[in-house]
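Peer 1: requesting a structural model of the entry that follows:
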Amino acid sequence: MRIFYLIINLAPAPLFFLGFMLSLFMPAAICGSWAHEMTVMWAVMTMAHLSPWLLWFQQRNFARDA
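Peer 2: Numbers count the residues shown, from 1 in each chain. As a prediction, this is how the structure comes out:
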């Protein structure tokens, strides 16, 4: 169950980064007139979901030091 919880917590950031990369190389003007609006949205979502990764790295490093 722990690995499932870890996957659920860590999955959004890489998926949002993948969306960022796809929209960066294949921009589509869906939301408005500027082609990179979705790219900016994906980048912001990636940054917003990085905290579980930072916590996971910190906990992993603390476990090694103990």
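Peer 1: what bits of this protein have low per-residue confidence?
Peer 2: Counting by pLDDT under 70, the chain contains low-confidence residues at 29-33, 64-66.
Peer 1: list the residues that contact the most centrally placed residue in the chain.
Peer 2: By Cα atoms, centre = their mean, the chain has its centre lying nearest to A13, at 1.7 Å. Applying Cβ atoms under 8 Å, 6 or more residues apart in numbering, we find A13 in contact with T46, H49, L50, P52, W53. From N, CA and C alone the C-beta is placed, and that goes for glycine too.
Peer 1: in those, find the pair that's most separated.
Peer 2: Spatial extent of the contacts of A13 (Cβ to Cβ) is set by the pair T46 and P52 at 12.1 Å.
Peer 1: show me which of these two is the more surrounded one.
Peer 2: Between T46 and P52, counted using other Cβ atoms under 10 Å, the more crowded position is T46 (19 against 15).
Peer 1: run through the helices of this structure in chain order.
Peer 2: Per DSSP state H, the chain carries helices over the ranges 2-10, 12-25, 37-48, 51-65.
Peer 1: quick one: end-to-end length of stretch 39-57, please.
Peer 2: Its start and end residues considered, stretch 39-57 measures 27 Å (Cα to Cα, to the nearest Å).
Peer 1: buried residues in that stretch?
Peer 2: Using 16 or more other Cβ atoms under 10 Å as the test for burial, stretch 39-57 gives T39, W42, A43, M45, T46, H49.
Peer 1: relative to F25, how far out is the third one?
Peer 2: Distance, A43 to F25, by Cβ to Cβ, to the nearest Å: 14 Å.
Peer 1: cool, and the fifth one?
Peer 2: Between T46 and F25 the computed distance is 16 Å (Cβ to Cβ).
Peer 1: okay, now I8: neighbour count?
Peer 2: Residues contacting I8 under the criterion other Cβ under 10 Å number 10.
Peer 1: ditto for the one 10 residues further on
Peer 2: Close neighbours of L18, defined as other Cβ under 10 Å, add up to 12.
Peer 1: same question for the one 10 residues further on.
Peer 2: A28 is flanked by 12 other residues according to other Cβ under 10 Å.
Peer 1: tell me the contacts of it?
Peer 2: A35, M38 are the contacts of A28 under Cβ under 8 Å, 6+ apart.
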